[in-house]
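1. no sequence on this one, just coordinates:
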């Protein structure tokens, strides 16, 4: 369980080489301790980086150090998943846009990846009206978990105008990219919206279905940009993943001067690598 999370924390957001300026030497020390199997020493260096980044208000380095702190916490402490989640939530409370929005997107993905690794447990649970445990997400039912994921994706997309003005390139220190990826996702808003779409377009079939569930019956949803944006985005089933995917896609089209090719709600082309935080029970 820990090994999967530790590995994917690094492959998701971390760039162990080409870090910029003075942070390069600091991360080199972390890497050296890591290779020598000295997690306590590595964690101490990461905490130094975190404090420096906080003092300098360096958002990419703050986020990177948060994720590395999570890695070493999982190595050094038993049953540390809840502590990692609590730490990310605390950072969200204190953070400002765009750091806050990225961390909310990260948290939504943490929950989503935990579900994908443990979906059979959620399928065997009865839906409850309220959370039985507001802290331990591992005990939640499927509807509760998905509602929490959706809540953080929606929150991450707030302050869209600010996010659209922030180029994703400024966060290269914490991202792995593919060739031409920024052609399709050049801003922080594009990154966060793409991540939300990856969740919403899955359309989990085991969620409880309302009587008047949303269906894509309006042909305008499959039209070109002008036609698509004229479609009716209101429905009785406002929590529908399909509907949320369409709404995110519509907002993203409005935000972009260059049209992004879509097939329904599925983006083609490009390739920003946003892997997952793999939790295993």
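-> Looks like it arrived, so ask away. It should be emphasised that the depicted structure is a prediction, and the values quoted were computed from it without experimental measurement.
2. per-residue pLDDT, residue 135?
-> Predicted confidence (pLDDT) for residue 135: 88.
3. give me the helices and strands touching the host helix or strand of residue 114, please.
-> Using DSSP states H and E, residue 114 falls within helix 99-117. If contacts are counted by 3 or more Cβ pairs under 8 Å, 6 or more residues apart in numbering; DSSP states H and E, helix 99-117 sits against helix 2-13, helix 59-76, helix 81-94, helix 142-156, helix 188-200. (C-beta placed from N, C-alpha, C; glycine too.)
4. minimum distance to residue 22: which of the ones you listed has it?
-> Closest approach to residue 22 among the helices and strands packed on helix 99-117 (Cβ to Cβ): helix 59-76, 10.0 Å.
5. what helices or strands is the closest one leaning on?
-> Helix 59-76 packs on helix 2-13, helix 39-56, helix 81-94, helix 99-117, going by 3+ Cβ pairs under 8 Å, 6+ apart.
6. would you mind finding the most buried of those helices?
-> Greatest average neighbour count among the helices and strands packed on helix 59-76 goes to helix 99-117 (a mean of 23), per mean count of other Cβ atoms under 10 Å.
7. can you give me the mean pLDDT across the next helix or strand after that one?
-> Reading on from helix 99-117 to the C-terminus, the next helix or strand found by DSSP H and E is helix 119-123. Here helix 119-123 scores 85 as its mean pLDDT.
8. in helix 119-123, what's buried?
-> Within helix 119-123, the residues scored as buried using 16 or more other Cβ atoms under 10 Å are 121, 122.
9. quick one: the residue nearest to residue 46 when sequence neighbours are not counted from residue 171, how far?
-> Leaving aside its chain neighbours, residue 46 sits nearest to residue 68 (4.6 Å; criterion: Cβ to Cβ, 6 or more residues apart in numbering). From residue 68 over to residue 171 the distance is 15 Å, taken as Cβ to Cβ, to the nearest Å.
10. so these two - more neighbours on which side?
-> residue 68 (24 against 19; other Cβ atoms under 10 Å).
11. how many residues are close by residue 136?
-> 12.
12. cool, residue 148 as well?
-> With neighbours defined by other Cβ under 10 Å, the count for residue 148 comes to 17.
13. likewise residue 131?
-> Counted by other Cβ under 10 Å, the residues lying close to residue 131 total 16.
14. for residue 73, give its distance to residue 67.
-> The gap separating residue 73 from residue 67 is 11 Å, by Cβ to Cβ.
15. and the nearest residue to residue 200 once chain neighbours are set aside, what are its phi and psi?
-> Leaving aside its chain neighbours, residue 200 sits nearest to residue 245 (3.6 Å; criterion: Cβ to Cβ, 6+ apart). Per-residue torsions, residue 245: phi -60, psi -40 (degrees, to the nearest 10).
16. hmm, residue 197 and residue 245 touching each other?
-> Yes: applying Cβ atoms under 8 Å, one finds residue 245 in contact with residue 197, separated by 5.8 Å.
17. now the residue nearest to residue 139 when sequence neighbours are not counted: phi and psi?
-> Closest residue in space to residue 139, ignoring its immediate chain neighbours: residue 133 at 4.9 Å, by Cβ to Cβ, 6+ apart. Per-residue torsions, residue 133: phi -140, psi 110 (degrees, to the nearest 10).
18. tell me, how many residues neighbour residue 133?
-> Residue 133, neighbours per other Cβ under 10 Å, totals 10.
19. and the average pLDDT for stretch 48-59 is what?
-> Across stretch 48-59, pLDDT averages out at 93.
20. and the helices and strands packed on helix 99-117, which one is worst for confidence?
-> Among the helices and strands packed on helix 99-117, helix 2-13 scores lowest, with a mean of 55.
21. quick one: the closest residue in space to residue 148 that isn't next to it in sequence and residue 47, what's the gap?
-> Among residues not flanking residue 148 along the chain, residue 111 sits closest, at 6.0 Å (Cβ to Cβ, 6+ apart). Distance of residue 111 to residue 47, computed by Cβ to Cβ: 26 Å.
22. how about residue 137, what does it touch?
-> Listed by Cβ atoms under 8 Å, 6 or more residues apart in numbering, the contact set of residue 137 reads 85, 111, 114, 145, 148.
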